[in-house]
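> Everything below, folded, please.
(one chain, ligands or ions: 1)
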Amino acid sequence: MKKLFYIDYPQEHVEGQAHTYRCAYCKVITTTINGKLEGHLPTCEYRIKMQQAGYEATGKVQPGATVADDFD
Ligand SMILES: [Zn+2]
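The predicted model follows:
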């Protein structure tokens with residue numbers, strides 16, 4: 001089971017960086033995660049939960065697929 005994008009993880013604002021957000025669990029910034037489960041650290045609670053729920057981390061990136069990281 002796969003999702004195209006994994007963007008339903010809890011995010012928190014990075015202090016001092018106006019438009020930078022990161023995963024509340026693994027602290028990886030959203031632009032690095034880029035909507036991918038494997039963008040989270042292997043120890044990330046969200047990633048672990050998703051994998052336990054049957055979702056796969058895939059290294060494949062859809063050609064031309066981008067995730068909007070501008071939530072303003
Ligand atoms: Zn994470």
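> For this structure, what lies in contact range of the ion?
C23, Y25, C26, H40, C44, Y46 (Cβ under 5 Å from the ion). Placement of C-beta: from N, CA and C, glycine included.
> show me where the chain has helices.
Counting by DSSP state H, one finds helices in the chain at the ranges 30-33, 45-52.
> what about the protein, any weak spots by pLDDT?
Low-confidence segments of the chain, defined by pLDDT under 70: 58-72.
> hang on, the earlier thing: please name whichever of the helices of the chain is nearest to K3.
Closest approach to K3 among those is made by helix 45-52 (8.3 Å; Cβ to Cβ).
> can you name the farthest residue from the center of this structure?
Ranked by distance from the centre of the chain (Cα atoms, centre = their mean), the top residue is G16, with 20.8 Å.
> on that earlier part again, with mean neighbour count added, can I get the helices of the chain in JSON lines?
Formatted as JSON lines, those follow (neighbours: other Cβ atoms under 10 Å):
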{"stretch": "helix 30-33", "mean neighbour count": "18"}
{"stretch": "helix 45-52", "mean neighbour count": "16"}
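> Ok, which of the ones you listed comes nearest E12?
Among these, the nearest to E12 by Cβ to Cβ is helix 30-33 (10.1 Å).
> just checking, what packs against that closest one?
Counting contacts by 3 or more Cβ pairs under 8 Å, 6 or more residues apart in numbering; DSSP states H and E, helix 30-33 packs against strand 21-23.
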